[in-house]
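In: what's the 3D shape of this:
(one chain, ligands or ions: 1)
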Amino acid sequence: MSRTTDVIVVGSGLGGLMAALAAARQGREVRIISEGTGCLAIGTGCVDLLGYAPDGASVEDPWAAMTELAPAHPYSLLGAEKVRAGLDALTETTAKHGLVLRPASRDGKPCNTRVPTIMGTLKPTYLMPDTFEPDDLGKAKRVLVASVMGFRDCRPALVIDQLRRYPDWAGKEYFPCLIPTPFDDAHRALNALDLARAAERPGGSEWLIGSLKERAEGCDLVLMPPICGRHAGSPLTRELREALGCPVVEMLSIPPGVGGLRIRDALMRELAALGVELVENANVIGAGVAEGKCLSLDISSTGRSYSTKARAYVLATGGILGGGVLLEPGRAIERVFGLDLALPADVADWTEPEIFGNQAVSKVGVRVDDKLRPLDANGALALENVFFAGRTLAAHDPAVEKSGYGVAVATGWQAGLAAAELAGAARHTGEAATGGEQ
Ligand SMILES: Cc1cc2nc3c(=O)[nH]c(=O)nc-3n(C[C@H](O)[C@H](O)[C@H](O)COP(=O)(O)OP(=O)(O)OC[C@H]3O[C@@H](n4cnc5c(N)ncnc54)[C@H](O)[C@@H]3O)c2cc1C
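Out: Numbers count the residues shown, from 1 in each chain. So this is what the prediction gives:
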């Protein structure tokens with residue numbers, strides 16, 4: 001059994017990292033325990049807040065649309081001001097590490113915008129890296145669509161065909177191009193992360209600029225995959241923009257998530273500076289619980305089992321994909337505490353044929369109160385010193401409503417603050433009882 005810490009956060013996805021940041025900023029001692037990296041490793045660098053309303057309508061103002069969500073939705077439980085506090089904490093932190101994230105604006109109000117993907121589709125999102133300037137996309141008339149030889153995920157001809165289907169993009173003139181690979185002998189298909197790493201090596205900037213300079217002549221926009229560096233604050237996109245003399249926009253990519261890894265990089269640097277401990281490859285397999293409180297967590301890591309304790313806990317273990325929710329024949333359970341999660345009794349009702357329809361199984365998760373503490377099947381508080389955050393929460397469907405990082409950031413931040421407050425009070429009570437020895 002290791003020493004008691006103030007706050008243990010389980011999970012190092014965006015929800016867990018934001019919770020750890022919030023608690024550490026309150027001066028608490030924080031330990032993150034995580035089995036894997038979470039969805040930032042496969043996501044883009046754009047933060048979806050709320051792209052579609054429950055009736056499927058496209059949302060322009062996510063703040064207004066948020067007020068129409070069901071009462072159990074994580075945004076409704078928190079309220080817009082707390083959601084905003086989480087986003088502000090994220091943008092302030094990433095900016096400190098060179099990654100400026102900001103929304104587009106219309107009539108002076110922040111709004112959603114649609115950004116191109118490497119499939120040539122347009123995806124609604126809220127916060128984008130400041131290298132995206134929506135006006136640049138709208139105004140451009142001659143667009144170079146670039147990719148790299150040996151990189152199969154992005155085919156300029158396909159991107160162009162797809163983009164032409166959108167009225168705002170149909171009237172532009174397009175120029176497809178493949179630049180040479182930076183690898184002499186790649187023995188496998190390249191992905192965006194390989195290329196982003198290569199771009200950061202000595203000579204990487206020269207490779208990109210040298211390959212694109214002539215081809216971009218006469219163009220007023222370059223679209224390319226997200227390969228301008230793997231780290232937050234990489235200067236490559238700006239260097240490229242300056243050298244080519246026109247806007248350069250990295251399209252959103254399929255996994256691996258170079259954009260998501262840049263956000264992770266900024267947050268990890270900040271957490272390291274705050275002294276947050278990260279225990280990786282550690283699987284929380286159970287918990288000691290008594291009288292409605294979590295007393296300890298059981299960990300299995302590299303063949304070793306042990307318990308660890310904190311004054312308060314944040315569970316940001318992701319949904320079915322992240323590993324926080326298990327589906328078993330006929331039931332769904334939260335993995336660490338074994339909480340039973342509500343789903344229709346008949347398995348046939350868990351899904352429906354329309355893939356982006358109202359899939360009950362997508363909304364399965366832990367039901368919580370407005371402090372993000374778990375509720376039991378009767379709606380009563382199940383654990384008073386545990387807070388849940390992110391994809392593991394019930395009543396939202398990030399894939400359909402486009403709210404993934406938004407929910408993770410907002411609930412992670414609030415769960416971290418709540419855990420910090422509780423841990424502070426528990427530490428105070430413990431110190432008073434023991435004369436300072438705990
Ligand atoms: C392919 C893909 C792309 C996406 N792209 C975007 C995007 O561009 N923008 C956007 O806004 N949203 C996107 N999303 C949605 C978004 O990624 C998620 O909704 C959000 O990141 C969830 O964050 P999380 O921290 O709640 O969970 P996760 O990121 O899933 O993290 C869960 C963490 O918990 C750990 N864990 C789980 N169980 C245990 C255990 N028992 N013990 C220890 N650790 C445990 C996992 O290892 C992991 O670290 C995307 C989703 C997918 C699948």
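In: pretty sure D153 is in contact with A192, am I right?
Out: Yes. Contact criterion CB atoms under 8 Å: D153 and A192 qualify, at 6.6 Å. Glycine gets a C-beta too; all of them are placed from N, C-alpha and C.
In: what about those two, which has more around it?
Out: Taking other CB atoms under 10 Å, D153 and A192 do not tie; A192 has more neighbours (26 against 18).
In: Am I right that that one is in contact with V258?
Out: Yes. Using CB under 8 Å, A192 is in contact with V258, at 4.9 Å.
In: if I look at those two, which residues touch both of them?
Out: Contact criterion CB atoms under 8 Å, 6 or more residues apart in numbering; residues shared by A192 and V258: 226-227.
In: still on that earlier bit, mutual contacts of D153 and A192, please.
Out: Taking CB under 8 Å, 6+ apart as the contact rule, D153 and A192 both touch 225, 253.
In: Give me the pLDDT value at E437.
Out: We have a pLDDT of 44 for E437.
In: could you pull out the helices for the protein?
Out: 14-25, 62-66, 74-78, 80-96, 134-139, 156-163, 167-170, 192-200, 204-212, 236-244, 258-273, 398-401, 404-434 (DSSP state H).
In: need the contact list for whatever residue of the stretch 51-200 of the chain ends up closest to the ligand.
Out: Of all residues in the stretch 51-200 of the chain, the one sitting closest to the ligand is T125 (6.6 Å; CB to the nearest ligand atom). Contact analysis of T125 by CB under 8 Å, 6+ apart lists 44, 46-49, 51, 112-115, 252, 402.
In: Quick check: which ranges of the protein have low pLDDT?
Out: 1-2, 186, 431-438 (pLDDT under 70).
In: Quickly list the domain ranges of it.
Out: The chain breaks down by automatic domain parsing into domains covering 5-95+263-434, 134-246.
In: follow-up on the earlier one: which members of the contacts of T125 additionally contact the ligand?
Out: Restricting the contacts of T125 to those near the ligand by CB under 6 Å from any ligand atom leaves 44, 46-48.
In: List, one by one, the residues from the chain near the ligand.
Out: Counting by CB under 6 Å from any ligand atom, the chain sits next to the ligand at 10-16, 33-39, 42-44, 46-48, 255, 283-284, 316-318, 321-324, 335-336, 390-391, 398, 404-405, 408.
In: From the residues you listed, keep the buried residues only.
Out: 10-16, 33-35, 38-39, 43-44, 46-48, 283-284, 316-318, 322-324, 335-336, 390-391, 398, 404-405, 408 (16 or more other CB atoms under 10 Å).
In: related to what we said a few turns ago, how about the residue of the stretch 51-200 of the chain closest to the ligand, nearest residue that isn't a chain neighbour?
Out: Distance criterion CB to CB, 6 or more residues apart in numbering; nearest residue to T125, sequence neighbours excluded, is C46 at 4.0 Å.
In: For the ligand, what is the nearest residue in the stretch 1-150 of the chain?
Out: For the stretch 1-150 of the chain, the residue closest to the ligand is G13, as judged by CB to the nearest ligand atom, at 2.2 Å.
In: gap between the closest residue to G324 other than its chain neighbours and S211?
Out: In space, and not counting its chain neighbours, G324 is closest to T317: 2.9 Å by CB to CB, 6+ apart. Here T317 is placed at a distance of 42 Å from S211 (CB to CB, to the nearest Å).
In: dump the residue contacts of G404.
Out: 39, 43, 48, 391, 398.
In: Between these, which sits nearest M66?
Out: D48 (12.7 Å; CB to CB).
In: pretty sure the closest one contacts K402?
Out: Yes. Look at D48 against K402 with CB under 8 Å: they come within range, at 4.2 Å.
In: Now for the two: what residues contact both?
Out: 124-125.
In: what are the ranges of the strands in the stretch 201-350 of the chain?
Out: Listed in chain order, the strands of the stretch 201-350 of the chain (DSSP state E, counting those that start in this stretch) span residues 221-224, 248-250, 277-279, 283-290, 293-301, 304-308, 310-315, 325-328, 331-334, 340-341.
In: which residues sit against the fifth one?
Out: I take that to be strand 293-301. 1, 8, 10, 33, 279, 281-289, 305-310, 313, 336-337, 383-386.
In: what's the angle from that strand to strand 304-308?
Out: Comparing the axes of strand 293-301 and strand 304-308 via axes from the mean of the first three to the mean of the last three CA atoms, to 10 degrees yields an angle of 160 degrees.
In: If we go by neighbour counts, what in strand 293-301 is buried?
Out: For strand 293-301, burial by neighbour count (16+ other CB under 10 Å) applies to 294, 296-297, 299, 301.
In: what two of these are the furthest from one another?
Out: It's C294 and S301 that sit farthest apart of the buried residues of strand 293-301, by CB to CB, at 18.9 Å.
In: and D346, how many neighbours does it have?
Out: D346, neighbours per other CB under 10 Å, totals 8.
In: Also the one 4 residues further on?
Out: Applying other CB under 10 Å, we find 16 other residues in the vicinity of W350.
In: Perfect, I'm done here.
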